[in-house]
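Chemist: Model the following, please.
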Amino acid sequence: MAEITRKELILALIGASNQPRLAGLDLSSLDMSHLALGYANLSRADLIGSDLTKTDLIGADLSSANLSNATMVGTILSSANLTAAELRNVNLGKAVLTWACLSHAIIVSSNLSGTNLEYANLTNADLRDTRLPKANLRGADLSDAVLMKTILTECNLADAVLVRANLSGADLTGADLSRANLVGATLVPTQLSRVASLQGAILPDGSRVG
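Modeler: Model (predicted):
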């Protein structure tokens, strides 16, 4: 149970600096929707089951935070630090995570439909069984990421780095993999036969597509 109420949080934010310090707090199941928490320090915070719908978390530090079962539809997380954060069963539909760091994050069985992850750092992230249909992953770094049984239908993966990524059972139907780097990635040829474009991509064996 959260240590503070929504009203208490809002009052604390009024008197806070431009970088609210909320590190390590228990904010579980708290309604934090639509609040301005840009650049807040939420490192190691317990945000299990919290409502962060359309919350402004631009540049926030959420490293090692637990956001499992949180609702984050339309949440703005551009340039946020989510290194090693736990995001199991999270609804991040249409959230904005451009240039965010999600290295070593656990994003299992979550919904990222239509999410903007352009140029995000997802190295070593675990995204198994997660849905990312129509997500924007252009230029994202997914090196060594686990994408087993991940839904990547109609995803924009142009210029993405998927070096050594595990794509076993991933659905890439209609995805744009133009100029993507797939060197050492784990997947079968039939998966690539369903993509919309492989123009300029580097295949797992190191060969380049026309």
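Chemist: Run through the helices of this structure in chain order.
Modeler: Listed in chain order, the helices of the chain (DSSP state H) span 6-14, 189-192.
Chemist: Among those, show the one with the smallest mean pLDDT.
Modeler: If the helices of the chain are sorted by mean pLDDT, helix 6-14 sits at the bottom with a mean of 89.
Chemist: neighbouring contacts of it?
Modeler: Residues outside helix 6-14 that contact it (C-beta atoms under 8 Å, 6 or more residues apart in numbering): Ile4, Pro20, Leu27, Leu30, Asp31, Met32, Leu35, Ala36, Leu37. The C-beta positions use only the backbone N, C-alpha and C, and glycine is treated the same way.
Chemist: my guess is the last one meets Ala60, correct?
Modeler: Yes: distance between Leu37 and Ala60: 6.0 Å, which falls inside the contact criterion (C-beta atoms under 8 Å).
Chemist: Compare these two (neighbour count), which wins?
Modeler: Ala60 (28 against 25; other C-beta atoms under 10 Å).
Chemist: That one contacts Ala85, correct?
Modeler: No: using C-beta under 8 Å as the test, Ala60 is too far from Ala85 to be in contact (10.8 Å).
Chemist: With distance to Pro204 and mean neighbour count added, can I get the helices of the chain in CSV?
Modeler: Shown next, in CSV, are the helices of the chain (distance: least, C-beta to C-beta, whole Å; neighbours: other C-beta atoms under 10 Å):
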stretch, distance to Pro204, mean neighbour count
helix 6-14, 48, 13
helix 189-192, 9, 13
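Chemist: Please tabulate these in TSV, including the columns distance to Ser68.
Modeler: Shown next, in TSV, are those (distance: least, C-beta to C-beta, whole Å):
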stretch	distance to Ser68
helix 6-14	20
helix 189-192	29
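Chemist: Sketch out the low-pLDDT regions of the chain for me.
Modeler: For the chain, applying pLDDT under 70 flags the ranges 16-17.
Chemist: make it 50
Modeler: Of all residues in the chain, none has pLDDT under 50.
Chemist: Let me see the ranges of the strands in it.
Modeler: Per DSSP state E, the chain carries no strands over any range.
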